[in-house]
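**Student:** Please find the sequence and the predicted model below.
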Amino acid sequence: MTALTQSLALARETASVRKGPSKGLDRAFQAASLGSALLVLLVLAGILGSIIYGGWPAFREFGFGFITSSAWNIGTEQYGALVAVIGTLASAFLALLIGVPISLGIAIYLTQLCPGWARKPVSMTIELLASVPSIIYGMWGLFIFAPLFARFVQTPVSNVFEGLPIVGSLLYARVPSGVGILTAGIILAIMIVPFVASITRDMLDQIPTVLRESAYGIGCTTWEVVRHVLVPQASVSIIGAVMLGLGRALGETMAVTFVIGNANRLSASIFDPGSTIASRIANEFNEADGMQLNALMALGCLLFVITFIVLIIARLLTRRAKLA
């Protein structure tokens, strides 16, 4: 009893001499946090303002026709963004079409099916792909993947489907060189897999174990657990991961520049060369001047708008998934 009384007295003395929180440090912390947030907004506003200022002469000269025209003639100074915009969207769509199922399969395998001894090595290997520079992907795609793709995919597929309606136009290569829209989509799919797979795996790991065990306890198979328990619980995070991968695919420059062919023409075939907004800027910006430079800056504005639209769609999808 005496020891308890002495402990209480010591606690009262310590509380009486303890200093209160420093208001100055608290205000400094708030100011630093506010400054960090404002700095990001200022940088974003500066980037947006500079590309709008640089691209405005092109928008003023060509109007809405800049978006709908496929012309890109430096000699006559006629510029249009349609080919680059379609190439950007097509290659990104193909990347998602190929990469997202693979990423989900990797995440499900690592969280549900992978033995314990192999989980860490496989995870590290997947994450290692994210650290590979994009130019390495581009060089590998151009010198290794493209010749093999032309020999074993483009040429046989073109011979099989040549002359057929719709499919013959979509899967026919005029010159099977290995580079093209589909090649760019495959390389982009390889590049976005580590991001989508890692985020999805982490989110699946966060789902309470009791939910899985309950599903297995009532006789569900692994497929039913994944389909009816894991995916609905992690749907918001999966959508976010997919949109992150889409943003990466839309803005990728060096790898796409190597393997897309950089041709300014519209084609119904995904085997034919094309171009994206980022690849065209990378190819021509160094030597651009006058209206050509303005047109490239206008392309940058369009890429910014496309990315912003993707962000809005992601917000709407995640909100809908939360309400479901």
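**Tutor:** Arrived safely.

**Student:** Now do the contacts for R248.
**Tutor:** Applying Cβ atoms under 8 Å, 6 or more residues apart in numbering, one finds that R248 lies in contact with 188, 191-192, 195. Backbone N, C-alpha and C define where each C-beta goes, glycine included.

**Student:** Show me which of those residues is closest to A268.
**Tutor:** Closest approach to A268 among the contacts of R248 (Cβ to Cβ): L188, at 20.4 Å.

**Student:** host element of that closest one?
**Tutor:** helix 181-206 (DSSP states H and E).

**Student:** ok, then the element right after that helix?
**Tutor:** Heading C-terminal from helix 181-206, the first helix or strand you meet, by DSSP H and E, is helix 209-217.

**Student:** Could you list the buried residues of the helix or strand harbouring G46?
**Tutor:** Per DSSP H and E, G46 falls inside helix 23-62. Neighbour-count burial for helix 23-62, counted by 16 or more other Cβ atoms under 10 Å, picks out 51, 54-55, 57-59, 61-62.

**Student:** quick one: contacts of whichever helix or strand comes after it?
**Tutor:** With elements assigned by DSSP H and E, the helix or strand that comes after helix 23-62 is helix 65-68. Residues from elsewhere that reach helix 65-68 (Cβ under 8 Å, 6+ apart): 58-59, 79-82, 85, 295, 298, 302.

**Student:** Nearest to K23, out of those: which one, please.
**Tutor:** Looking across these and measuring by Cβ to Cβ, the closest to K23 is L302, at 48.7 Å.

**Student:** burial measure for that closest one, as a count.
**Tutor:** 19 (other Cβ atoms under 10 Å).

**Student:** again with M139
**Tutor:** For M139, the tally of surrounding residues (other Cβ under 10 Å) stands at 15.

**Student:** how far away is it from G219?
**Tutor:** As judged by Cβ to Cβ, to the nearest Å, M139 and G219 stand 51 Å apart.

**Student:** dump the residue contacts of I181.
**Tutor:** 87, 90-91, 94, 260, 270-274.

**Student:** Now E77: closest residue in space, sequence neighbours ignored.
**Tutor:** With sequence-adjacent residues excluded and distances taken as Cβ to Cβ, 6 or more residues apart in numbering, E77 is closest to M291, at 4.9 Å.

**Student:** Apologies, that question was intended for G99.
**Tutor:** Using Cβ to Cβ, 6+ apart and skipping residues adjacent in sequence, the residue nearest G99 is A189, 3.5 Å away.

**Student:** ok now do the one you found, which residues does it touch?
**Tutor:** By Cβ under 8 Å, 6+ apart, the neighbours of A189 are 94-99, 102.

**Student:** and it, how far is that from S279?
**Tutor:** A189 is 17 Å from S279, by Cβ to Cβ.

**Student:** go on, Y137?
**Tutor:** Distance from Y137 to S279, by Cβ to Cβ: 14 Å.

**Student:** Which residue of the two possesses the greater neighbour count?
**Tutor:** Comparing Y137 with S279 by other Cβ under 10 Å, the one with more neighbours is S279, at 26 against 22.

**Student:** neighbours of G217, just the number please.
**Tutor:** Using other Cβ under 10 Å, G217 has 9 other residues around it.

**Student:** likewise T68?
**Tutor:** 12.

**Student:** Next step: the contacts of A189 restricted to helices.
**Tutor:** Secondary structure of the contacts of A189 is defined by DSSP state H; positions in helices are 94-99, 102.

**Student:** Just the buried subset of the residues you listed, please.
**Tutor:** Among the ones in helices among the contacts of A189, those buried by neighbour count (16+ other Cβ under 10 Å) are 94-96, 98-99.

**Student:** Can you give me the separation between the closest residue to P194 other than its chain neighbours and M254?
**Tutor:** Leaving aside its sequence neighbours, P194 sits nearest to A130 (Cβ to Cβ, 6+ apart; 3.7 Å). Distance, A130 to M254, using Cβ to Cβ: 16 Å.

**Student:** swap in P232?
**Tutor:** For P232, the distance to M254 (Cβ to Cβ) stands at 38 Å.
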